[in-house]
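Q: Fold the following.
(2 chains)
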Amino acid sequence: MSGPAEGLAVDGLTVRFGRGVGATVALDNVSVTVPAGHTVGLVGESGSGKSTLAKAILGIVPIAAGRVRLDGTEVSGLGHRQRHAFLRRVQMIPQDPYSSLNPRRTVGQTLAEALDPVRARVRSHRAEIEAALAEVALPGEAIDRYPHEFSGGQRQRIAIARALITRPEVVIADEITSALDVSVQAEVLRLLGRLRHELNLTMLFISHNLAVVEQVSDEVVVLYHGEVVESGAVGDVFTRPASDYTRTLLAAVPGQR
Amino acid sequence: MADQAAVRPGRLRWNPPLVVGTVLLALTGVTVVIASLTLRGTAEGLSADTAQPVSAAHWLGTDDFGRDLLARALVGAQASLVMALAATAISMIAGVLIGTAIWTAPRRLREVALRIVEITVSYPELLIAVVIAAILGAGRWQLVVAVALANIPATARLTANLSGAIHQRDFVTTARLTGVPRRALISRHLLPNMAEPLLIQLAASFSTGLVAMSALSFVGLGVQTPDYDLGRLLADGLPSIYSRPLEVVGPTLLILLLSIGAMLVGDGLAAAADPRLARRPAGRAAVTTRPRSAEPVPESQQSEQQSESSAPVVVRDLVVRRADGTSLVHGLSFEINRGEILGVVGESGSGKSLTALSMARLLPDGLTAEASALRTGETDLLGRPSRRELADAVAMIYQDPGTTFNPALRLGAQLTEVLRVHRGKSTVEARTIITDLLAGVHITDPERLMRSRPYELSGGMRQRAMIAAALAAEPALLIADEPTTALDVTVAAGILRELARIRDETDTATLFISHDLGVVEELCDRVLVMKDGVIVEELSREALRAGDVSSPYTRMLLESVPRLSGHGAVRR
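A: Predicted structure coming up:
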């Protein structure tokens, strides 16, 4: 990290799918800043472009216009090697814990691969892996077990450990609690809330549920049809929503009294 | 996941075809190898005993040059075996490399390569082998190359298809982003996850390869005299097949033994790899819901009285068992009144979905439900209700609106099916009823929805259409199994409003299943909290809203619900 870290900045990002007249605009001039040490919640319904934004940051989908910067360095236009370095500094936690872990590799092997993609030896990183598992409150013996021996919530904790073990500068969490039961979701959110302060995480937290976002975020960005309709500190947006769409989202959260 | 648990690496479930095939292959293989080491002299040395019949010295007789036919067949089989193994090895290695490399290649190259593989697969393997053998000329290694090349496309396509499916999974994407080199990506992530189908393919290509080679040698495109393999021996025996049919017995038998052995191994591996085949209990009757037998007397008297109840839905002592007798739901009893929504809440594995499925008589294979009373409306679900009665009694709304409709049919046909098939309504009548119902669940242009196919609709629209279809048969009981879990919050709120409206406007009793107490307290009149197959607590909506719960488990569930703190409500 160089100087006062400024975190992840997305500036005027536009993503189009298809070409010519039939092209659809998935993201239209979207700007999001995740300051170092902060968590920004990204909210919107399916089709709003939340996941596309995550993919555009990671370079999985091509960018039509705009810039992505990490600590002031522009990401697009990086060479092959620098790109790899960038991808090690930004880690993504996928949504589905049943698809994000290779069923044929032990937890240790999966975590070792994150540390050392080329050799992926468990033996040379055992201490680090056990520490990473302890961080997400899993016993050290989990290292030699296979994903199917764990419940959905435990798997998601393994996925979190996998993302955090490289000490990334930015974590992108894409709907990581949506596939989980409410009780398990609560447990994962508690864990994330703790890690966020302990490790001073810089995180982009994507969810369609405002109540979930509120629990773990400092700031919130509301996305609607590929455009940012509202952004600001969590307290402000939730108590005094400026846009009608945000109000609809707030009203839709079940279990309000 | 259960099915992944069953295919845990390093553990093979033996089954009859696998055992028989392995024994057959091993015995034949060992005999052939020993024979080729010890009997070569007998097989190739000329002797005076020409054209002998079956005897103790020559089990299959001798040929015109006095060579022992059994020895020749066994030594010839060794040549065939080695060649088939070599061809299988070459075709598997090349096929797997091509198939996996296709998926790590850039997209345009991948598309071209996939098309080429598909085109080559469309030609019969034997035909390709014949053409290649004809080009290369006759001979041992030419034969191996010809058969190996002919077998590559099938393996390549299988591997490419398998890799395609695995490639879309998150762990491959994550590994690629982490910078895992291409070779490691294949060896760590792709290959281990397709080991079983590839093993089966291995057995199959050995078997077909052996037969193809024998065929080529037989027609003279393969091994040439004085060399010999099984096909060559068959060809040698052919001219005298009417006078001395014994000559073809040895080679034929060995081809059969080896190829059937390999086929059985392949079959056995396929069965071992499929956890569903292994777990299915043998010969179970298709009765999934039946009256409870051998129940204690007082309980039965009690339930007799209670089943007189006027409630449209009555469940008494429902037990759901696995085939091995362990019960998953232990004696559940509840009633649902007219126009009431009963919520059933619990975590995954609590038995809430099994309860719903046993009421719709839709329990998965291997599970059985017993109850002392199970009644919906006028229909006794413990008897053998006809499909029509069942359609009148119960309708279901499923969790994933993406998979409830047949993607190939227009919605009109699917939505009117219940009315047309079970109610004998004409197509026009059925369409009118459904159109009204669709308008009822706030679909703005029902006519257009009836003409569309499922993929043209959003998840919320599909779920609304599903509700409309469920109401079409005017069921006594509507079961909604996590109907909002797969939907966005805004869309989910709309669906909940529809269900509340249905309760208020019709007499339908609704069973609403969810893992989210927040959703349940919004909608349900009464709530059962389930854990490990038993009811932990029964709550009224008022008690739930007031947080007036006694069981610590319910409290934990309640505290899990993510709630907005600053928006009108106070965080608990």
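Q: Could you use CA atoms for every contact and neighbour count after this?
A: Fine.
Q: how about low-confidence regions in the chain?
A: I'll assume chain A. A:1-5, A:255-257 (pLDDT under 70).
Q: meant chain B, my bad for not saying
A: Looking at chain B by pLDDT under 70, you get B:1-12, B:274-309, B:566-572.
Q: now do 50
A: Applying pLDDT under 50 to chain B flags the ranges B:1-10, B:278-287, B:294-307, B:567-572.
Q: longest helix in it, by residue count?
A: helix B:69-104 (DSSP state H).
Q: give me the residue from the stretch 451-572 of chain B nearest chain A.
A: B:G518 (3.9 Å; Cα to the nearest Cα).
Q: how many other residues sit next to that residue?
A: 24 (other Cα atoms under 10 Å in any protein chain shown).
Q: Let me see the ranges of the strands in the chain.
A: Using chain A here. A:8-17, A:24-34, A:39-43, A:65-70, A:73-74, A:90-93, A:170-174, A:203-207, A:219-224, A:227-233 (DSSP state E).
Q: you looked at the wrong chain, it should be chain B
A: Under DSSP E, chain B gives strands at B:289-291, B:313-322, B:327-336, B:341-345, B:367-371, B:373-376, B:379-380, B:394-397, B:477-481, B:509-514, B:526-531, B:534-540.
Q: picking up where we left off before, who does the longest helix of chain B touch, helix- and strand-wise?
A: helix B:16-38, helix B:40-44, helix B:107-121, helix B:140-167, helix B:195-218, helix B:230-237, helix B:246-273 (3 or more Cα pairs under 8 Å, 6 or more residues apart in numbering or on different chains; DSSP states H and E).
Q: who's in contact with residue 223?
A: Just so you know, I chose chain A. Residues counted as contacts of A:L223 (Cα atoms under 8 Å, 6 or more residues apart in numbering or on different chains) are A:42-44, A:48-50, A:229-230.
Q: meant chain B actually
A: B:V223 neighbours (Cα under 8 Å, 6+ apart): B:138-140, B:143, B:217, B:229, B:232.
Q: Please report the distance of it from B:S240.
A: 20 Å (Cα to Cα, to the nearest Å).
Q: hang on, isn't B:L74 packed against B:S36?
A: Yes - B:L74 is within contact range of B:S36, at 6.7 Å (criterion: Cα atoms under 8 Å).
Q: Can you pick out the residue with more neighbours from the two?
A: B:L74 (27 against 21).
Q: For the residue in the stretch 201-350 of chain B that chain A sits nearest to, which non-adjacent residue is closest in space?
A: Closest residue of the stretch 201-350 of chain B to chain A, Cα to the nearest Cα: B:E347 (6.3 Å). Sequence neighbours aside, B:H515 is the residue nearest to B:E347 in space, at 5.5 Å (criterion: Cα to Cα, 6 or more residues apart in numbering or on different chains).
Q: ok, back up a step: buried deepest among the helices and strands packed on helix B:69-104, which one?
A: helix B:230-237 (a mean of 25; mean count of other Cα atoms under 10 Å in any protein chain shown).
Q: got the angle between that one and helix B:69-104?
A: Note on geometry: by axes from the mean of the first three to the mean of the last three Cα atoms, to 10 degrees, helix B:230-237 and helix B:69-104 are set 140 degrees apart in direction.
Q: Tally up the residues packed near A:D116, please.
A: A:D116: 17 neighbours (other Cα under 10 Å).
Q: got it, and B:I135?
A: Based on other Cα under 10 Å, the number of other residues close to B:I135 is 12.
Q: Next one: it from B:S80, what distance?
A: On the measure of Cα to Cα, B:I135 and B:S80 end up 21 Å apart.
Q: Check A:V253 too.
A: Applying Cα to Cα to A:V253 and B:S80 gives a distance of 70 Å.
Q: ok, now B:A509?
A: B:A509 is 71 Å from B:S80, by Cα to Cα.
Q: hey, where'd the helices end up in the stretch 451-572 of chain B?
A: Along the stretch 451-572 of chain B, the segments classed as helices by DSSP state H, counting those that start in this stretch run B:459-472, B:489-505, B:517-523, B:541-545, B:552-560.
Q: Could you tell me which residues within the second one count as buried?
A: Neighbour-count burial for helix B:489-505 flags B:489-496, B:498-500, B:502-503 (criterion: 16 or more other Cα atoms under 10 Å in any protein chain shown).
Q: So which residues make contact with it?
A: In contact with helix B:489-505 (Cα under 8 Å, 6+ apart) are residues A:45, A:208-209, A:248-249, A:252-254, B:339-341, B:441, B:460, B:463-464, B:484-485, B:508-510, B:523.
Q: I'd assumed B:G343 was in contact with the residue nearest to B:E347.
A: No - when contacts are counted by Cα under 8 Å, B:H515 is not listed as touching B:G343 (9.9 Å).
Q: So for these two, which sits in the more crowded spot?
A: B:G343 (30 against 26).
Q: who's in contact with the more buried one?
A: B:G343 neighbours (Cα under 8 Å, 6+ apart): B:511-514, B:520, B:524-528.
Q: Output those as CSV; include the columns neighbour count.
A: Formatted as CSV, the contacts of B:G343 follow (neighbours: other Cα atoms under 10 Å in any protein chain shown):
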residue, neighbour count
B:L511, 22
B:F512, 25
B:I513, 26
B:S514, 26
B:V520, 25
B:C524, 23
B:D525, 17
B:R526, 20
B:V527, 25
B:L528, 21
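Q: farthest pair in these?
A: B:S514 and B:D525 (14.0 Å; Cα to Cα).
Q: For the stretch 1-150 of chain A, what lies in contact range of chain B?
A: Neighbours of chain B within the stretch 1-150 of chain A, by Cα under 8 Å from any Cα of the partner chain: A:45-46, A:84, A:87-88, A:92, A:94, A:96, A:98-105, A:113-114, A:117-118, A:148-149.
Q: Of the residues you listed, grab the buried ones for PyMOL.
A: Here is the PyMOL selection string for the buried members of those, based on 16+ other Cα under 10 Å:
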select buried, chain A and resi 45+46+84+87+88+92+94+96+98+99+100+101+102+103+104+105+113+114+117+118+148
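Q: Any chance you could list what contacts the longest helix along chain A?
A: Under DSSP H, the helix in chain A containing the largest number of residues is helix A:182-198. With Cα under 8 Å, 6+ apart as the test, helix A:182-198 has contacts from A:39, A:135-136, A:152-153, A:156-157, A:177-178, A:201-202, A:212, A:215-216, B:347, B:515-516, B:556-557, B:560-562.
Q: just the buried members of the residues you listed?
A: Buried among the contacts of helix A:182-198 (16+ other Cα under 10 Å): A:39, A:135-136, A:152-153, A:156-157, A:177-178, A:201-202, A:212, A:215-216, B:347, B:515-516, B:557, B:560-562.
Q: you'd agree B:G209 is up against B:A87?
A: Yes - if you go by Cα under 8 Å, B:G209 and B:A87 touch, sitting 7.2 Å apart.
Q: which residues are in contact with both of these two?
A: By Cα under 8 Å, 6+ apart, the residues touching both B:G209 and B:A87 are B:147-148.
Q: Quick check: phi and psi on A:G37?
A: Main-chain dihedrals, A:G37, degrees, to the nearest 10: phi 80, psi 0.
Q: Quick check: the gap between the nearest residue to it once chain neighbours are set aside and A:V220.
A: Nearest residue to A:G37, sequence neighbours excluded (Cα to Cα, 6+ apart): A:T202, at 4.5 Å. A:T202 sits 14 Å away from A:V220, going by Cα to Cα.
Q: if I pick A:V229, what's in contact with it?
A: A:V229 neighbours (Cα under 8 Å, 6+ apart): A:221-223, A:243, A:245.
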